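Undergrad: based on what follows, work out the 3D shape:
(chains A and B)
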Amino acid sequence: TAGITQAPTSQILAAGRSMTLRCTQDMRHNAMYWYRQDLGLGLRLIHYSNTAGTTGKGEVPDGYSVSRANTDDFPLTLASAVPSQTSVYFCASSEDFSSYGYTFGSGTRLTVV
Amino acid sequence: QKEVEQNSGPLSVPEGAIASLNCTYSDRGSQSFFWYRQYSGKSPELIMSIYSNGDKEDGRFTAQLNKASQYVSLLIRDSQPSDSATYLCAVVRTGGTSYGKLTFGQGTILTVHP
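TA: Have a look, this model is predicted:
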């Protein structure tokens, strides 16, 4: 089934450790996004990529980095995790940066202790 | 003021009733508006988009937009228990760091009881 694959599904991470959340899409979408979802705050954009080789900062980028080496993959890295990064992380994609029918992955539930 | 604001609910309606979900936004330049549905433990999915003032109907769903009042709503007619979910309002930003990207409200939890 075409779509977005995120891994891992869930993770418990010790504070101060690093981690990379993986996101792969097989729809050949140009634009990709990382959101975090927290109770009462909704979905907030962390980073985005309009096309392979380019990335941009969203609303809450601090503590996170991304890369977009090719069209399909858009990993999100936490260099030194803190408890406030406990959240559900969703990767999404769209055909291009002006398309808003985002397709979301199934999410990664991250707990930083 | 939040950029996109929704009543978090929960909103509870009986089966067969009309559910009304509301959203206000602060970016007066916004031109594109969306409703996403998210079932518990699942990812959001797009259900409606609206770009012009007025109503847009799709089956049991009607989106309403009033740009002068900076207000978007979603009506669900003949509500079914399967409509129970969190409904997310989203607006395309016209400025700031997330220019051209979707900004979401916090979501309204809808429960339709038999």
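Undergrad: contacts and neighbour counts: CA atoms only from here.
TA: Will do.
Undergrad: for A:Thr9, which non-adjacent residue is spatially closest?
TA: Leaving aside its sequence neighbours, A:Thr9 sits nearest to A:Thr108 (Cα to Cα, 6 or more residues apart in numbering or on different chains; 4.7 Å).
Undergrad: I'd assumed A:Val88 was in contact with that neighbour.
TA: Yes: counting by Cα atoms under 8 Å, A:Val88 is a contact partner of A:Thr108 at 5.5 Å.
Undergrad: in terms of helices and strands, where is the residue of chain B found nearest chain A?
TA: Proximity of chain B to chain A (Cα to the nearest Cα) peaks at B:Gln106, 3.7 Å away. Counting by DSSP states H and E, no helix or strand carries B:Gln106.
Undergrad: circling back: hey, what's the residue nearest to A:Thr9 bridged with?
TA: A:Tyr89 (DSSP bridges).
Undergrad: which ones are touching it?
TA: Counting by Cα atoms under 8 Å, 6 or more residues apart in numbering or on different chains, A:Thr108 touches A:6-11, A:21, A:88-90.
Undergrad: quick revisit: check the gap between the residue of chain B closest to chain A and A:Asp38 for me.
TA: 9 Å (Cα to Cα, to the nearest Å).
Undergrad: for those two, indicate the residue with more neighbours.
TA: Neighbours were tallied for B:Gln106 and for A:Asp38 using other Cα atoms under 10 Å in any protein chain shown; the higher tally belongs to B:Gln106 (26 against 15).
Undergrad: helix, strand or coil for A:Ser84?
TA: Secondary structure, DSSP: H, G, I helix; E, B strand; the rest coil: A:Ser84 is helix.
Undergrad: let's see the pLDDT reported for the nearest residue to it once chain neighbours are set aside.
TA: Nearest non-adjacent residue to A:Ser84, counting by Cα to Cα, 6+ apart: A:Val112, 7.6 Å away. A:Val112 carries a pLDDT value of 98.
Undergrad: partners of the host helix or strand of B:Thr111, with directions?
TA: B:Thr111 is part of strand B:108-113, with elements assigned from DSSP H and E. Next to strand B:108-113 in the sheet, as set by DSSP bridges, lie strand B:11-14 (parallel), strand B:85-92 (antiparallel).
Undergrad: name the spans of chain B whose pLDDT lies under the cut-off.
TA: The model of chain B has pLDDT under 70 over residues B:1.
Undergrad: what parts of chain A come near chain B?
TA: A:39-45, A:57-59, A:90, A:97-98, A:100-107 (Cα under 8 Å from any Cα of the partner chain).
Undergrad: where exactly do the strands run in chain B?
TA: Applying DSSP state E to chain B gives strands spanning B:4-6, B:11-14, B:19-25, B:33-38, B:45-50, B:54-58, B:61-66, B:71-76, B:85-92, B:102-104, B:108-113.
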